[in-house]
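Asker: starting from these lines, generate the structure:
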Amino acid sequence: MPAHIPWPHLASHRTWLDDEARRLLAFGSAAALPSTAGTGGGAAYLDGAGRPDPAHGVQTWITARTVHSYSLGHLLGVPGSGAVADAALAGLTGVLHDDAHGGWFHAVSTDGEPDVAAGKSAYDHAFVMLAGASATIAGRPGGADLLAEATAVYLERFWDEETGRPVDTWDVSFTSLDPYRGLNATMHSVEAMLTVADAVPDAEAGAWRERAARAAAFVVELAATHDGRLPEHFGPDWAPDLELNADQPGDQFKPYGATPGHGLEWARLLLHLEAVSPDPALLATAVTLFDRAVADAWAPDGADGFVYTTDWAGAPVVRTRMHWVVTEAIATAAALVERTGDARFARWYATWWDYAARHLIDREDGSWHHELDTANRPAATVWPGKPDVYHALQATLIPRLPLAPTLARALREGLLR
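Answerer: From the prediction side, this is the model:
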């Protein structure tokens, strides 16, 4: 793409992004579960055609991401979005909430039985914070109460003030803490904390941004000491466990090796953080993470697409292509264009939207294929169906918004371009 055609700045491209956002919101609206049918509300896991798949029950992280996504839809002025956000939020205050011990179950079955064995995770609770913050900013009923409870539970149970990072998983009664520590939960905690800072009174916002900055400083350190490939798994002392799940490298939440998509996602979050907490290391690390992910994971086997994981030398391990990696690549390239004006990021931005249009956007059944094989054909080895629209929706919004404030606050303030 010629350097003088910066796609993120074209009004016609922004119109295309707006159309795609509305198409995604229409697809995902079927996730809303009624609270009067014995489900207690929440959001369903969607199959490839956008139908609720009862085999997956009702999951907290999907429900919370639905609250967030449809709060954004409401702020975009898309009719019906508020009702979807409210139905999902009812699940977080109802069937998914643990009234006995506090916090949120990982999931419940379609008959309302909680998944006790999964315990309670920082990953899930970070998304509940994000949901509460976005719903509060969007003025959804119950949003402020959810935000207050979610932040209180997170600070009491998950935030480790000594390390400046979250612990990962408790048992369901919050009595036994797993020794595992994870960068994925840390990443989504940073995302949530930046949004919380935009949803709470100004007197409280600084503390949330400071927590986000402390967690991000660890990532800056990791990127410098591991050549831009971020370790994902750690012991209780935060020593990296580089061989975790080497025998099951395609694990949904704890894959072996480096996950280039998370490198891209962290790069974008560092830029959002820098916009409110200036630090020269943040931009430099964001560029390092971006360049490493592209060098290691984009088309390393001759076919376009990002491989899911690599080893510590950058060689592909799981070659499956995940849609969320491309959405994060698009969003991060847009953020780097916004921050630097460098045309090379605009060229990558256009390249990845072209790839998404050719291979991922499903014009027949809706939404995006969530997984492709090495020949870019739809697959379902790691992620069956099309669970939710969170990643793809954000890829249509981030190129049209400033780096700060965060998405919901920026939409409420009328900053959409």
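
Asker: tell me the contacts of residue 24?
Answerer: Residues in contact with residue 24 (Cβ atoms under 8 Å, 6 or more residues apart in numbering) are 367, 368, 389, 392, 393, 396. Every C-beta, even on glycine, is put in place using the N, C-alpha and C of the backbone.

Asker: between those, which is closest to residue 306?
Answerer: Comparing the contacts of residue 24 against residue 306 with Cβ to Cβ places residue 368 closest, at 13.8 Å.

Asker: these two touch, right, the closest one and residue 358?
Answerer: No - using Cβ atoms under 8 Å, residue 368 makes no contact with residue 358, being 11.9 Å away.

Asker: who has more neighbours, these two?
Answerer: Just comparing residue 368 and residue 358: by other Cβ atoms under 10 Å the higher neighbour count belongs to residue 368, 23 against 10.

Asker: from memory residue 170 sits against residue 156, does it?
Answerer: No - here residue 170 does not reach residue 156: they are 11.0 Å apart, not a contact under Cβ under 8 Å.

Asker: the more surrounded of the two?
Answerer: Neighbours per residue, other Cβ under 10 Å: of residue 170 and residue 156, the larger number sits with residue 170, 20 against 11.

Asker: distance of the nearest residue in space to residue 137 that is not next to it in sequence relative to residue 376?
Answerer: Excluding its sequence neighbours, the residue lying closest to residue 137 (Cβ to Cβ, 6 or more residues apart in numbering) is residue 408, at 4.0 Å. Using Cβ to Cβ, to the nearest Å, residue 408 is found at 33 Å from residue 376.

Asker: these two: which is more packed in?
Answerer: For the pair residue 408 and residue 376, the greater number of neighbours falls to residue 408 (24 against 16), based on other Cβ under 10 Å.

Asker: so that one is in which element?
Answerer: helix 407-412 (DSSP states H and E).

Asker: residue boundaries of the helices in the stretch 101-250 of the chain?
Answerer: Applying DSSP state H, counting those that start in this stretch to the stretch 101-250 of the chain gives helices spanning 122-137, 143-153, 183-197, 202-225.

Asker: save these as TSV, and put in mean pLDDT too.
Answerer: Putting those into TSV (pLDDT from 0 to 100) gives the following:
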stretch	mean pLDDT
helix 122-137	99
helix 143-153	98
helix 183-197	98
helix 202-225	98
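
Asker: ok, which of those helices comes nearest residue 308?
Answerer: Proximity to residue 308 (Cβ to Cβ) singles out helix 183-197 among the helices of the stretch 101-250 of the chain, at 13.5 Å.

Asker: so which elements touch that closest one?
Answerer: Contacts defined by 3 or more Cβ pairs under 8 Å, 6 or more residues apart in numbering; DSSP states H and E place helix 183-197 against helix 122-137, strand 165-166, helix 202-225, helix 260-276, helix 407-412.

Asker: if you set the cut-off to 7 Å instead, what comes out?
Answerer: Judged by 3 or more Cβ pairs under 7 Å, 6 or more residues apart in numbering; DSSP states H and E, helix 183-197 is in contact with helix 122-137, strand 165-166, helix 202-225, helix 260-276.

Asker: can you redo these as JSON lines with distance to residue 23 and mean neighbour count?
Answerer: As requested, these are exported to JSON lines (distance: least, Cβ to Cβ, whole Å; neighbours: other Cβ atoms under 10 Å):
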{"stretch": "helix 122-137", "distance to residue 23": "20", "mean neighbour count": "29"}
{"stretch": "strand 165-166", "distance to residue 23": "35", "mean neighbour count": "26"}
{"stretch": "helix 202-225", "distance to residue 23": "32", "mean neighbour count": "17"}
{"stretch": "helix 260-276", "distance to residue 23": "23", "mean neighbour count": "25"}
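
Asker: of all the ones you listed, which one is nearest residue 319?
Answerer: Nearest to residue 319, of all the helices and strands packed on helix 183-197, is helix 260-276, at 11.9 Å by Cβ to Cβ.

Asker: output the following helix or strand past the closest one in PDB, but only the C-alpha positions, please.
Answerer: Going down the chain from helix 260-276, the next helix or strand is helix 280-297, by DSSP H and E. The C-alpha coordinates for helix 280-297 follow below in PDB (Å, rounded to 0.1, in the frame of the first residue of the first chain):
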ATOM      1  CA  PRO A 280       9.300   6.700  27.200                       C
ATOM      2  CA  ALA A 281       9.800   3.000  27.800                       C
ATOM      3  CA  LEU A 282       6.200   2.300  26.900                       C
ATOM      4  CA  LEU A 283       6.300   3.400  23.300                       C
ATOM      5  CA  ALA A 284       9.700   1.700  22.800                       C
ATOM      6  CA  THR A 285       8.400  -1.500  24.200                       C
ATOM      7  CA  ALA A 286       5.200  -1.300  22.200                       C
ATOM      8  CA  VAL A 287       7.300  -1.100  19.000                       C
ATOM      9  CA  THR A 288       9.500  -4.000  20.100                       C
ATOM     10  CA  LEU A 289       6.600  -6.200  20.800                       C
ATOM     11  CA  PHE A 290       4.900  -5.300  17.500                       C
ATOM     12  CA  ASP A 291       8.000  -6.000  15.500                       C
ATOM     13  CA  ARG A 292       8.700  -9.300  17.200                       C
ATOM     14  CA  ALA A 293       5.200 -10.600  16.700                       C
ATOM     15  CA  VAL A 294       5.300  -9.700  13.000                       C
ATOM     16  CA  ALA A 295       8.700 -11.100  12.500                       C
ATOM     17  CA  ASP A 296       8.000 -14.400  14.300                       C
ATOM     18  CA  ALA A 297       4.300 -15.000  13.500                       C
END
